[in-house]
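# Sequence and predicted structure are below.
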Amino acid sequence: MAGIEFSEDSQTGGRGGRASLAGNATDKALNLLEAAVAPGYPHRLGEVATTAGVPKASAHRILNNLVATSFLASDGTGGYGPGPRLRALAARVTQGCEEDQVMRAELEVLSRHVGSTVHLGVRTGDAATCLIKVASPKPVQTSSRVGMQLALHATSIGKCILSGLSDDELTALMERVGLAARTEHTLTDLTDLRAELAQVRERGYALDEEENEIGVRCIGAPVRDTKGAVVGGVSISAITYLESRDTLLSWADPIRATAGALHGLLG
């Protein structure tokens, strides 16, 4: 899952300001909240509205309400970022959560076993977000970080998520966000991506063959919720000049086992 940060930091994956995708009032508020706190904040009104797919006038009104209720903060020059209430909520969710402790423990076991960096990511709108990272003990590290947004079609975790979609859902999603070339190895054709996802479903793991970042390969396995739906994935990242492709493939069984141990912990 390691690599260059997804250029569309918002979970909405660049809706291009199309209000028809904004949804109801709750959807609009949540989309705006996500866009406003994406990495690189503070973000200005126009940027937040476009990313969230909400008309500028409506976005301004909703953002002012979110500032008034302390979920967002304004920098006084038209920029928005996380407010104290949102920060407190994030701390309550992540600190002392038994599920988080169990998930991190499982990832730490896997990381020690393979000697490489391990990630847990979930789908957040039209992208994936890294929830947990357990860094490799090796001196050379990947550029990933917690909170990083990742393109679904170019990462092993993203492909795991896409493998759980129907063909109609996949088509609609890719038409909306596109298949941008992250590197020369990225799959940019929907037919090729469909074929790749069929293999993910068959073998139970996904590969990122330097598709998100040159010099980094990843293997990932789907993580499912209590109903069996794919909601995320766990991945192992390997620096290509330190680990061979055969070594990466030898981690298929351990990563599938770890993904199975996380079943139901994300909802």
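Happy to help now that I have it. Residues are numbered from 1 along each chain as shown.
# Tell me which stretches of the stretch 101-250 of the chain form strands.
Along the stretch 101-250 of the chain, counting by DSSP state E, counting those that start in this stretch, strands occupy 117-124, 127-134, 149-150, 206-209, 216-224, 230-239.
# closest one to residue 74 among those strands?
Set against residue 74 and scored by C-beta to C-beta, those come closest in strand 149-150, at 22.9 Å. In short, each C-beta sits where N, CA and C put it, glycine included.
# Paired strands for that closest one, with orientation please.
strand 127-134 (antiparallel) (DSSP bridges).
# I'd like the strands of the stretch 101-250 of the chain as JSON lines, with mean neighbour count, distance to residue 35 and mean pLDDT appended.
Compiled in JSON lines, those are given as follows (neighbours: other C-beta atoms under 10 Å; distance: least, C-beta to C-beta, whole Å; pLDDT from 0 to 100):
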{"stretch": "strand 117-124", "mean neighbour count": "26", "distance to residue 35": "11", "mean pLDDT": "94"}
{"stretch": "strand 127-134", "mean neighbour count": "22", "distance to residue 35": "12", "mean pLDDT": "92"}
{"stretch": "strand 149-150", "mean neighbour count": "26", "distance to residue 35": "11", "mean pLDDT": "88"}
{"stretch": "strand 206-209", "mean neighbour count": "24", "distance to residue 35": "26", "mean pLDDT": "98"}
{"stretch": "strand 216-224", "mean neighbour count": "27", "distance to residue 35": "25", "mean pLDDT": "97"}
{"stretch": "strand 230-239", "mean neighbour count": "28", "distance to residue 35": "21", "mean pLDDT": "96"}
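# Out of those, the one nearest residue 253 is which?
strand 216-224 (9.8 Å).
# which other helices and strands contact the closest one?
helix 156-163, strand 206-209, strand 230-239, helix 245-249, helix 252-261 (3 or more C-beta pairs under 8 Å, 6 or more residues apart in numbering; DSSP states H and E).
# which of the residues in the fourth one are buried?
What that stands for is helix 245-249. For helix 245-249, burial by neighbour count (16 or more other C-beta atoms under 10 Å) applies to residue 248.
# Now do that helix: distance to the chain's middle.
Remark: helix 245-249 is offset 24 Å from the chain centroid, using C-alpha atoms, centre = their mean, to the nearest Å.
# Residue 104 and residue 116, how far apart?
Taking C-beta to C-beta, to the nearest Å as the measure, residue 104 falls 16 Å from residue 116.
# Averaging pLDDT per element, find the lowest-scoring helix or strand in this structure.
Ranking every helix and strand in the chain by mean pLDDT, DSSP states H and E puts helix 84-94 at the bottom, with a mean of 85.
# now the angle from it to strand 127-134?
Helix 84-94 runs at 60 degrees relative to strand 127-134, counting by axes from the mean of the first three to the mean of the last three C-alpha atoms, to 10 degrees.
# which parts of helix 84-94 are buried?
For helix 84-94, using 16+ other C-beta under 10 Å, the buried residues are residue 86.
# what sits up against it?
Helix 84-94 has contacts (C-beta atoms under 8 Å, 6 or more residues apart in numbering) with 33, 37, 69, 70, 71, 72, 73, 82, 100.
# May I have the phi/psi pair for the last one?
Translated: residue 100. The phi/psi pair for residue 100 (degrees, to the nearest 10) reads phi -60, psi -40.
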